[in-house]
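Novice: I would like the atomic coordinates for the input below:
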Amino acid sequence: MTVRSLGYVVVEAPDLAAWRKFGLEVIGLMEGPAGSDGSLRLRIDERPFRIAIVPGKTNRFVSCGWEFKDAEELESTITALRRAKVEVREGTAAEAANRAVRQLAHCKDPCGNQLELFHGRTYDYAPFASPKGLTGFVAGDLGMGHAVLPAAQLAAAREFYKLLGFADTDEMWLQMSPNPADPKLGIHFMHAACRRHHSLALVGMPAPSGCVHIMLEARSLDDVGYALDRCIANGAHISSSLGKHSNDFMVSFYVQTPGGFDLEFGCDGLQPDWSTWVPTQSVIGDLWGHRWSPPPA
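Specialist: Numbering: from 1, shown residues only. Model prediction:
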């Protein structure tokens, strides 16, 4: 009973054209066939989509789709959640088909973040081809990347995700204020069964968009550099300059998406061996770079 990886994310947006431009022309993702709900679907690998943008009235992050190996693992997880008094709704056949999965369930974590739990994959076997010439993404069985979610109830959220099979990778307690008496910002980095350093991070801060950031991992530093140049040329807000994280060694920059949350676009992330890994506590967030800049008022 354990999550295998982050399968996909779902976003709501009133302007799909803005997301299409950002995804295809700025980042270099591939457009897949539209969903039955009219969603714009963006691809990074052989999956029909990894990011689904559903038409709606507001810009908001909707949910993470967490992948399980098979029906048995998914059903055992649903049973464990219900025993813990977590409300779980079984997805309909139509909902599962729209997500290109075999079985789907919905629930929320203690902080109100929505989750979609699924197993089964649907392929159309169309090869990934970036409209901007990206060489590709580190995805496949490692999942689409990672998601960082707001968690005001940080300890409760961490325990909830352990019910899904997540385990600790690293934690940080960062002093964000010049006043040392102010509380530190807590971040829990958690890994799934795949060898991605973290598929999920929980941050003790609010996020009006519903998400702090999502991460996509490119295959090369050149892919990252060219994407950064395109972001700047298209006037996208660069939330953080290029830098290297301390805990997962990811070399990345952050850009604000049309949804109001950030996209971390990086490369060369650490892939630990979980049989020997000892959870760490990092006292700094970066080895170098990552100079943060708030969006214009």
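
Novice: low-confidence ranges, the chain, go.
Specialist: 1, 297 (pLDDT under 70).

Novice: residue farthest from the centroid of it?
Specialist: Ranked by distance from the centre of the chain (Cα atoms, centre = their mean), the top residue is residue 181, with 32.2 Å.

Novice: where does it fall, phi/psi-wise?
Specialist: Dihedral angles of residue 181 (phi, psi; degrees, to the nearest 10) stand at phi -80, psi -20.

Novice: state the distance from it to residue 237.
Specialist: Distance of residue 181 to residue 237, computed by Cβ to Cβ, to the nearest Å: 32 Å. From N, CA and C alone the C-beta is placed, and that goes for glycine too.

Novice: then residue 277?
Specialist: From residue 277 to residue 237 the distance is 35 Å (Cβ to Cβ).

Novice: and for residue 19?
Specialist: From residue 19 to residue 237 the distance is 15 Å (Cβ to Cβ).

Novice: when the two are compared, which one has more neighbours?
Specialist: A direct count of neighbours by other Cβ atoms under 10 Å for residue 19 and residue 237 places residue 19 higher, at 21 against 15.

Novice: let's verify the more buried one: helix, strand, or coil?
Specialist: helix (DSSP: H, G, I helix; E, B strand; the rest coil).

Novice: so what's it up against?
Specialist: Contacts for residue 19 (Cβ atoms under 8 Å, 6 or more residues apart in numbering) come out as 11, 13, 40, 42, 53, 257-259.

Novice: with residue 142 instead?
Specialist: Contacts of residue 142 by Cβ under 8 Å, 6+ apart are 5, 194-196, 217, 271.

Novice: could you rerun that using 6 Å?
Specialist: 194, 196 (Cβ atoms under 6 Å, 6 or more residues apart in numbering).

Novice: state the distance from it to residue 278.
Specialist: 21 Å.

Novice: over to residue 32?
Specialist: 40 Å.

Novice: ok, residue 228 next?
Specialist: Distance from residue 228 to residue 278, by Cβ to Cβ: 34 Å.

Novice: looking at these two, which is more packed in?
Specialist: Legend: neighbour count by other Cβ under 10 Å for residue 228 and residue 278, higher for residue 228 (18 against 6).

Novice: tell me which residues of whichever helix or strand the more buried one is part of come out buried.
Specialist: If you go by DSSP states H and E, residue 228 is part of helix 221-233. Judged by neighbour count (16 or more other Cβ atoms under 10 Å), helix 221-233 contains these buried residues: 223-224, 226-228, 230-231.

Novice: contacts for stretch 176-186, please.
Specialist: Under Cβ under 6 Å, 6+ apart, the answer for stretch 176-186 is 154, 173-175, 204.

Novice: closest to residue 248 among these?
Specialist: Nearest to residue 248, judged by Cβ to Cβ, of those is residue 174 at 15.5 Å.

Novice: show me what counts as buried in stretch 198-217.
Specialist: Per 16+ other Cβ under 10 Å, stretch 198-217 contains these buried residues: 198-204, 207, 209-217.

Novice: cool, and stretch 183-196?
Specialist: Applying 16+ other Cβ under 10 Å to stretch 183-196 flags 185-196 as buried.

Novice: out of these, give me the two with the largest separation.
Specialist: 185 and 193 (27.9 Å).

Novice: pop the domain breakdown of this protein in here.
Specialist: 5-119, 140-289 (automatic domain parsing).
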